[in-house]
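Enquirer: coords please:
(chains A and B)
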There are 2 protein chains.
Amino acid sequence: MSNQTGQDSGRWCCSPVTGEPLSGEQAGQLATMFKALGDPVRLRLLSLIAAHAGGEACVCDLTGAFDLSGPTISHHLKVLREAGLIASERRATWVYYWVLPEALQQLSSVLGPAPAAATRG
Amino acid sequence: MSNQTGQDSGRWCCSPVTGEPLSGEQAGQLATMFKALGDPVRLRLLSLIAAHAGGEACVCDLTGAFDLSGPTISHHLKVLREAGLIASERRATWVYYWVLPEALQQLSSVLGPAPAAATRG
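Expert: Numbering: from 1, shown residues only, chains lettered A, B, ... in the order given. Coordinates of the predicted model:
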């Protein structure tokens, strides 16, 4: 089994960034994940994987949506995987990818509103 | 009044990235915002501003938390402002910054779970 989750997604969790100042360690871990999302190709890959039948896709399902080579797509998938946003598993010829919803939920929670932030017009 | 919001935060909104494939335009706009968050200093600035008394802060309130020069802090604030995540207003000597909660809410919604994404283990 080569199921690769990249990192432990439960290492800390979920106070809004607007609730209290982040520590340097928290900011570093979050920044890695946000940086992985800071590219249009990777964002589209993430949404294509999630929207694919069964919630998973191989590179062969994804290359048609981009004017990019297979190795370039694979590189972007690796960045997403190493950031802990997707996981992968090899089955025969192809590596299949799926989104890790708990990682997206973690980021979503971090961006969620806190009472102090919601009051400023 | 030099209130600078950076961009129109209502230009499109809020289906989860996992709900359906993003268009290239949507992915480009989102990636700019996520890329701005993809740096530990900028994430900490965002949380420090939001946590500051009154939900706003000037550079003079922020530099003490970092071993960085004022101009470097100002550069990071400019990136956050140009991405539409914070707004600013000059008052006498200082420029004051505050978080735009609707922008964070937009990103939070985009990362939120869709039924299809939540079913894959």
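Enquirer: Skip the chain neighbours and tell me the closest residue to A:Arg42.
Expert: Of all residues not flanking A:Arg42 in the chain, A:His76 sits nearest, at 4.9 Å (CB to CB, 6 or more residues apart in numbering or on different chains). The C-beta positions use only the backbone N, C-alpha and C, and glycine is treated the same way.
Enquirer: mind listing what the one you found touches?
Expert: A:39, A:41-42, A:45 (CB atoms under 8 Å, 6 or more residues apart in numbering or on different chains).
Enquirer: For chain A, just list every one of the strands.
Expert: For chain A, applying DSSP state E gives strands covering A:56-58, A:86-91, A:94-99.
Enquirer: So which of those is nearest chain B?
Expert: The closest of these to chain B is strand A:94-99. By CB to the nearest CB, the value is 5.1 Å.
Enquirer: same for the closest one, what does it pack against?
Expert: Applying 3 or more CB pairs under 8 Å, 6 or more residues apart in numbering or on different chains; DSSP states H and E, one finds that strand A:94-99 contacts helix A:40-51, strand A:56-58, helix A:59-62, helix A:70-82, strand A:86-91.
Enquirer: any weak-confidence spans in chain A?
Expert: For chain A, the stretches with pLDDT under 70 are A:1-15, A:113-121.
Enquirer: Mind doing that once more with 50?
Expert: Within chain A, the segments meeting pLDDT under 50 span A:1-12, A:115-121.
Enquirer: ok, the residue nearest the centre of chain A - contacts?
Expert: Nearest to the mean C-alpha position of chain A, counting by CA atoms, centre = their mean, stands A:Leu85 at 2.6 Å. By CB under 8 Å, 6+ apart, the contact list for A:Leu85 reads A:6, A:33, A:36-37, A:46, A:99-100, A:103-104.
Enquirer: do you know how far it is from A:Ala31?
Expert: For A:Leu85, the distance to A:Ala31 equals 13 Å [CB to CB, to the nearest Å].
Enquirer: again, but for A:Leu48
Expert: A:Leu48 is 24 Å from A:Ala31, by CB to CB.
Enquirer: would you list the strands of chain A in CSV and tack on mean neighbour count?
Expert: Shown next, in CSV, are these (neighbours: other CB atoms under 10 Å in any protein chain shown):
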stretch, mean neighbour count
strand A:56-58, 19
strand A:86-91, 17
strand A:94-99, 20
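Enquirer: Pretty sure A:Cys58 is one of the things A:Val95 touches, is it not?
Expert: Yes: counting by CB atoms under 8 Å, A:Val95 touches A:Cys58, with 6.4 Å between them.
Enquirer: and stretch A:57-68, how far out from the chain's middle?
Expert: Centroid separation between stretch A:57-68 and its chain, computed with CA atoms, centre = their mean, to the nearest Å, is 17 Å.
Enquirer: Could you export it as CSV, CA atoms only?
Expert: Extracted in CSV, the C-alpha atoms of stretch A:57-68 (Å, rounded to 0.1, in the frame of the first residue of the first chain):
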residue,chain,number,x,y,z
ALA,A,57,-8.7,10.8,-10.6
CYS,A,58,-5.5,9.7,-12.3
VAL,A,59,-3.2,11.9,-14.3
CYS,A,60,-4.8,10.3,-17.4
ASP,A,61,-8.1,11.9,-16.4
LEU,A,62,-6.6,15.4,-15.8
THR,A,63,-4.2,16.2,-18.6
GLY,A,64,-6.9,16.9,-21.1
ALA,A,65,-8.1,20.0,-19.2
PHE,A,66,-4.7,21.7,-19.6
ASP,A,67,-2.3,22.7,-22.3
LEU,A,68,0.5,21.2,-20.1
